[in-house]
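[1] Turn this into a structure:
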Amino acid sequence: MSANTFHLVIASVGDTKFDAAAESATLPGVDGIMTILPHHEPFVTILKKGKVSVKASGEHKEFDIEGGVLECSGNRAVVLL
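    Okay, the predicted model is just below:
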């Protein structure tokens, strides 16, 4: 993983939608849209229904979610759906 990426996992029980290095991730938080970048400050928040947009390896990927929890720490972000 390079200095310009972080490890991103987007998963629910029995289904991993994304598990790789990412350059950014934009998510629908309950307080508004947020973007996670490498070396983000640690925090935990609740996500609402919407789209998660991920930039990884120069490509954009989108995932529809019904809600979940986002946890960031140690240059890693985990989205539990």
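
[2] and the residue positioned nearest the centre of the chain, what element?
    Most central in the chain under CA atoms, centre = their mean is A25, positioned 4.9 Å from the mean C-alpha point. Assigning secondary structure by DSSP states H and E places A25 in strand 24-29.

[3] in that strand, what's buried?
    24-28 (16 or more other CB atoms under 10 Å). For the C-beta atoms, the positions are set from N, CA and C on the backbone; glycine is no exception.

[4] Turn these into TSV, including distance to L81.
    Below are the buried residues of strand 24-29 laid out as TSV (distance: CB to CB, whole Å):
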residue	distance to L81
S24	19
A25	14
T26	16
L27	11
P28	12
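
[5] pLDDT for the residues you listed - can I get that in TSV?
    What follows is these, written out as TSV (pLDDT from 0 to 100):
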residue	pLDDT
S24	98
A25	98
T26	98
L27	98
P28	98
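
[6] any idea which of those is closest to F18?
    A25 (8.7 Å; CB to CB).

[7] I'd assumed S53 was in contact with the closest one.
    Yes: between A25 and S53 there is a contact at 7.1 Å, judged by CB atoms under 8 Å.

[8] Give me the common contacts of these two.
    Shared contacts of A25 and S53 (CB atoms under 8 Å, 6 or more residues apart in numbering): none.

[9] And for this protein, the residue most distant from the center?
    G14 (17.8 Å).
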